[in-house]
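Peer 1: Quick check, what structure comes out for this input:
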Amino acid sequence: QVQLVESGGGLVQPGGSLRLTCSASGFTLDYATIGWFRQAPGKAREGVVCIRRSDGKIYYIDSVKGRFTISRDNHQNTVYLQMNSLKPDDTAVYYCATGTFSDNYCNYDYWGSGTQLTASF
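Peer 2: Model (predicted):
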């Protein structure tokens, strides 16, 4: 049974940093396409970053390039999202997810319950 549990969200001032953690179970990370998406109030889901299973290539959306970094610890079956230089527009619920990669997109089949990030003074 695939399970993903996110943690690490919270309130941070613009310009600050935060690291999200995703604990995965029921599958092996190093054989999975894994990533994060977010959803802000009143907005559609937005894929933030994804690691393609076949070759480990990482895809970031333009708005987070240079600020966010995804990493994984295959031994611990854990994925991290380091977020720096946070902006108010980054405010959203962040979800860790796994699925497949096709047509240059990560298509997610499983995700966790999410963790709230709020970047505000």
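Peer 1: ok, and the closest non-adjacent residue to S71?
Peer 2: Excluding its sequence neighbours, the residue lying closest to S71 (CB to CB, 6 or more residues apart in numbering) is Y80, at 4.9 Å. Placement of C-beta: from N, CA and C, glycine included.
Peer 1: Quick check: the gap between the one you found and L18.
Peer 2: 11 Å (CB to CB, to the nearest Å).
Peer 1: Residue most distant from the centroid, this protein?
Peer 2: F121 (23.3 Å; CA atoms, centre = their mean).
Peer 1: In contact with that one: list those residues for me.
Peer 2: Q13, P14 (CB atoms under 8 Å, 6 or more residues apart in numbering).
Peer 1: Looking at it now. What's its pLDDT?
Peer 2: Listed pLDDT for F121 reads 94.
Peer 1: Tell me how many other residues crowd the residue nearest to S71.
Peer 2: The local packing of Y80 (other CB atoms under 10 Å) involves 18 other residues.
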